[in-house]
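Q: Build the 3D model from these lines:
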Amino acid sequence: MSGKIQLGILFGSRSCEHEVSIISALQLAAMANPFKYEVIPVYITKRGEWFIGGALWKLETYERFDPRKSGLTRVFPDLTARSGALMAFERSKPFQGERRYAAARLDCVIPVFHGLHGEDGSIQGMLELMDLPYASTGVPGSAVGMDKVMMKRLFAGYGFPVLADTSLTRGAFEADPDAACLRVEAQLPYPVYVKPANLGSSIGVSRAGDRAQLMEALQLAFELDRRVLVEQGLDNPREVNCAVMGFGEEVTPSVVEQPVREDDLELLDFKTKYLRGGDDQAGMAALSRLIPAPISREDTQKVQRIACDVFRALDCKGVVRVDFMMDRASGELYITEINTIPGSLAFYLWEKTGEGLCYRRLIDHMVDYAMKAYQEKDRNITSFQSDIITEALKRQASGAKGAKA
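A: I've put the predicted structure just below:
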């Protein structure tokens, strides 16, 4: 590879967290080293259309998105292995149809999606087909990390500390709402937290302290997903988060943070996370937090150790953030979830870790890990020469039984 690295930043997509993804992507694109990377923002609309172009650097482009007025080029990923091309069409001479051409070629990709159709393994699977290096957790870890029900089952299987929970489907709830509530009440005491299985940023998450609130919380959650996690609540827990970076055996935890809630808030909702702080482009970085978290050295090390174990369990890559709750009364620690593409890429945690890792260097590390993972994959044998076709043709020619199959 010579010259600058053609670094694609993929973001947007068909997700309830679409706008959060835009903020995170523009933060990252602005901080990438311009002497090292040719940054190519690749925006996927809420309809699933792909666009590139200079206007994607401007936040106002997305307020009333119009690709024609913005001078953007619609592109399509070439799935041919190692092509890395984003193809476009232009009209040639009259009556001669359209000409297909490569509008851009990517050497590496940083996916900056939040939620479905991006963070859930779908884009990662496409990038695997393209045989293109990318700086996020792979297909299995991304899928499990997105699905809260599967995530909790995997965590429990590994013996990680998790709160008691149960899950419901939309079909079961619609068939008999009272029976669904009775099932929850038979397994969990109030209060409980109701969460859509495949959403993040606290969208659709509700606290329920009685049957009426539970019914309302389930109705809301099932508008957003067909599967819902219902989790045991804690009385005024302390929330702490830890980011982890690496690939394979190289795993490094960040400093531990404690997000700060307003006194009257039961949970950190979407508004608190993204719409307070005054800076429209700050994203998760604008959230009030204590860094480092005011917990003991032993608890800090425990959080960091478990976060690294979770990273390895899901075979993660790049940067993730693992969220925890601590019971103030007992001191017990519980994993809440893993964010395989955390808001703002958790750069604010790495800036306060050790001697400090600026966002620009964090991006360098993410690209390095993407390339290392790609090189490891390249060592795998992906084809096997056999005589199956030749033998089948021989049987066909001789009229042997089973030749048609």
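Q: OK, contacts around the closest residue to residue 228 other than its chain neighbours?
A: Closest residue to residue 228 apart from its sequence neighbours, by CB to CB, 6 or more residues apart in numbering: residue 221 at 4.5 Å. The C-beta positions use only the backbone N, C-alpha and C, and glycine is treated the same way. Shown in contact with residue 221 (CB atoms under 8 Å, 6 or more residues apart in numbering): 194-196, 204-206, 228.
Q: Tell me the one among those nearest to residue 8.
A: Nearest to residue 8 among the contacts of residue 221: residue 196, at 29.2 Å, using CB to CB.
Q: The helix or strand that contains residue 303: which residues count as buried?
A: Using DSSP states H and E, residue 303 maps to helix 297-313. Residues of helix 297-313 classed as buried by neighbour count (16 or more other CB atoms under 10 Å): 299-300, 302-304, 306-311, 313.
Q: Domain-wise, how is this structure divided?
A: The record assigns the chain these domain ranges, following automatic domain parsing: 5-134, 164-232, 236-378.
Q: out of those domains, nearest to residue 152?
A: Residue 152 lies closest, by CB to CB, to one member of the domains of the chain: domain 164-232, at 5.7 Å.
Q: distance between the ends of that closest one?
A: Using CA to CA, to the nearest Å, one end of domain 164-232 lies 5 Å from the other.
Q: cool, stretch 308-326 as well?
A: Using CA to CA, the end-to-end distance of stretch 308-326 comes out at 18 Å.
Q: where do the helices sit along the stretch 51-200 of the chain?
A: Listed in chain order, the helices of the stretch 51-200 of the chain (DSSP state H, counting those that start in this stretch) span 67-70, 122-130, 139-146, 148-158, 170-175, 177-187.
Q: Show me which residues of the last one are buried.
A: Along helix 177-187, these residues count as buried under the neighbour rule (16+ other CB under 10 Å): 180-181, 183-185.
Q: The shortest one too?
A: Burial within helix 67-70, assessed by neighbour count using 16+ other CB under 10 Å, is assigned to 67, 70.
Q: Could you pull up the residues touching the closest residue in space to residue 151 that isn't next to it in sequence?
A: Ranked by CB to CB, 6+ apart and with sequence neighbours excluded, the top spatial neighbour of residue 151 is residue 144, at 5.6 Å. By CB under 8 Å, 6+ apart, the residues touching residue 144 are 150-151, 154, 314.
Q: To be precise, which single item in the contacts of residue 221 has the lowest pLDDT?
A: Scanning these for pLDDT, the low point is residue 204. It has 86.
Q: That one and residue 220 touch, don't they?
A: Yes: look at residue 204 against residue 220 with CB atoms under 8 Å: they come within range, at 5.9 Å.
Q: what's the distance between the spatially closest residue to residue 148 that is not a sequence neighbour and residue 145?
A: Sequence neighbours aside, residue 229 is the residue nearest to residue 148 in space, at 4.5 Å (criterion: CB to CB, 6+ apart). Counting by CB to CB, to the nearest Å, the separation of residue 229 from residue 145 is 14 Å.
Q: One more: residue 378?
A: The gap separating residue 378 from residue 145 is 25 Å, by CB to CB.
Q: Same drill for the two, tell me which one is more crowded.
A: A count of neighbours by other CB atoms under 10 Å puts residue 145 above the other of residue 378 and residue 145, at 26 against 11.
Q: tell me the pLDDT at the more buried one?
A: In this model, residue 145 is scored at 96, pLDDT.
Q: thinking again about what came up before, tell me the one of the contacts of residue 144 nearest residue 369?
A: Nearest to residue 369 out of the contacts of residue 144 is residue 314 (CB to CB; 14.6 Å).
Q: residues touching the closest residue to that closest one other than its chain neighbours, list them.
A: Closest residue in space to residue 314, ignoring its immediate chain neighbours: residue 141 at 3.6 Å, by CB to CB, 6+ apart. Shown in contact with residue 141 (CB under 8 Å, 6+ apart): 121, 314-317, 340.
Q: want to throw these into a markdown table with pLDDT, distance to residue 171 and neighbour count?
A: Listed next are the contacts of residue 141 as a markdown table, based on pLDDT from 0 to 100; distance: CB to CB, whole Å; neighbours: other CB atoms under 10 Å:
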| residue | pLDDT | distance to residue 171 | neighbour count |
| --- | --- | --- | --- |
| 121 | 96 | 24 | 22 |
| 314 | 97 | 29 | 24 |
| 315 | 97 | 32 | 15 |
| 316 | 98 | 32 | 26 |
| 317 | 97 | 35 | 25 |
| 340 | 97 | 28 | 30 |
